[in-house]
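**Student:** take this sequence and fold it.
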Amino acid sequence: MNMFRYLPLLLMLVLFSCKSGEKLYNKGRYGEAVEAFVKKLQRRPSDATALQLLPRAYEAAMEYHEGRAKQALASNNDLKWESVRLEYRAMQSLYNTIRSSPAALGVVKPKDYSAAITGAQENASEARYARGVQLLEEGNKQAARAAFEEFDAALRLTPNYKDAARLRDQAYQIGLINVVVSEIDVRSPYFQFSADQFRDALVRNLENRQINTFVKFYDERRVRGERDFRPDQYMELRFMDFMVGQTYVDRYQRDVSKVISVPGNQKDSTGKVIMVDITVRATLFITKKTVASSGLLDYRITDVNDSRVLRQDRVPGSFTWQNQYGTFRGDERALSDADRALLGGRDIPPPPPQDLFMELTRPIYDRFASDLRSFYSQY
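**Tutor:** The predicted structure follows:
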């Protein structure tokens, strides 16, 4: 195998790597230039260009990040330590990169920022923690939710920081809106079981989707009688103007015809039978049975503390069951493919009313869940 044929390609890669480092340096992308030069020295420890430009690139990168860190420290921003931490981490990354190459260490003595990062992280966590404590002392739901975010940020910076986890849970409970979903009034005992199934599915869905971190839904039957439970909102549900199982039967007939070619009684000079056009006819007899169901879900959300109506609306829903079958009389050749699709079948009974009721609630359910997502997105 001739290894020399790959030599030009290797030389091109080395040359491109060197030039890419120089290009990054000339464009002021000093951190990236440091990484490019170190990679070059890992392959060729004696590369003159990399050895010459690496110290300059590192010095320029340090000057850039140090300047940004000092600028952040001089600001009055409560969260300045998070910006400082980012700059220190960028410089520590360059430190680790240079230490990966003995040749790079020969020309650059990188600075270790691990202790500075730890200090900045502690200060950043303390700043978030202090903001959370201050917000929590306000004692209202909106401030408690903001406090929750601050304590959560402190814990992301420093896990197990002080008692931030406990205070975060406390802030969550204060900021939480407890919504009790009522039993459904359908004004018809016959459909009560189906209505309860609808409500159960709705509550489960609202609980699982977590429409809002600080909004929690409860089934009225499960929290009734709990002394320590304090609801904030009450959602009242009621089905109105619903009609299940209104049947319509439509019978009609339709005449169809088609011109087709059939063999005639004469032959041409070659003895081939001559085709002739004839018109064939048939009559379709179609029965279409339709069962329509429709209804309205009326809902109202009120504030338990002052009885204010926060939102009220009605959500319509409908479902149409249909069965169609037919026969024909006449010449079958007159039928089109669409006509044939109407034939066959049989007269079958519609689903029971409870099933029809559940079907008409499906579009109501989708629209209602969408309304609630929109309403509670503002909390």
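**Student:** for the protein, longest strand please?
**Tutor:** strand 233-267 (DSSP state E).
**Student:** quick check, pLDDT for Val14.
**Tutor:** Listed pLDDT for Val14 reads 45.
**Student:** how much space separates the residue lying closest to Phe229 once chain neighbours are set aside from Val108?
**Tutor:** Nearest residue to Phe229, sequence neighbours excluded (CB to CB, 6 or more residues apart in numbering): Val223, at 5.0 Å. C-beta here means a position set from N, CA and C on the backbone, and glycine is covered the same way. Distance of Val223 to Val108, computed by CB to CB, to the nearest Å: 66 Å.
**Student:** more crowded one of these two?
**Tutor:** Using other CB atoms under 10 Å as the criterion, Val223 and Val108 rank with Val108 on top: 23 against 14.
**Student:** now the strands: where do they sit in the chain?
**Tutor:** Counting by DSSP E, the strands of the chain are 177-185, 215-219, 233-267, 273-303, 309-330.
**Student:** please tabulate those strands in JSON lines, including the columns mean pLDDT.
**Tutor:** JSON lines is the format used below for those (pLDDT from 0 to 100):
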{"stretch": "strand 177-185", "mean pLDDT": "87"}
{"stretch": "strand 215-219", "mean pLDDT": "88"}
{"stretch": "strand 233-267", "mean pLDDT": "88"}
{"stretch": "strand 273-303", "mean pLDDT": "92"}
{"stretch": "strand 309-330", "mean pLDDT": "93"}
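**Student:** could these go into TSV alongside mean neighbour count and distance to Asp78?
**Tutor:** Formatted as TSV, the strands of the chain follow (neighbours: other CB atoms under 10 Å; distance: least, CB to CB, whole Å):
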stretch	mean neighbour count	distance to Asp78
strand 177-185	19	28
strand 215-219	18	28
strand 233-267	14	34
strand 273-303	16	34
strand 309-330	15	34
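**Student:** so which of these is nearest Arg29?
**Tutor:** Closest approach to Arg29 among the strands of the chain (CB to CB): strand 215-219, 46.1 Å.
**Student:** which strands border that closest one, and is each parallel or antiparallel?
**Tutor:** Applying DSSP bridges, strand 215-219 is found paired with strand 177-185 (parallel).
**Student:** domain ranges for this structure?
**Tutor:** For the chain, automatic domain parsing gives the domain ranges 20-112, 131-175, 180-376.
**Student:** out of these, which is closest to Asn123?
**Tutor:** Closest to Asn123 of these is domain 20-112 (CB to CB; 4.1 Å).
**Student:** so who does Glu150 touch?
**Tutor:** Contact analysis of Glu150 by CB atoms under 8 Å, 6 or more residues apart in numbering lists Arg128, Tyr129, Arg131, Gly132, Leu135.
**Student:** I figured the first one was touching Ala153, is that so?
**Tutor:** Put plainly, it is Arg128. Yes - using CB atoms under 8 Å, Arg128 is in contact with Ala153, at 4.6 Å.
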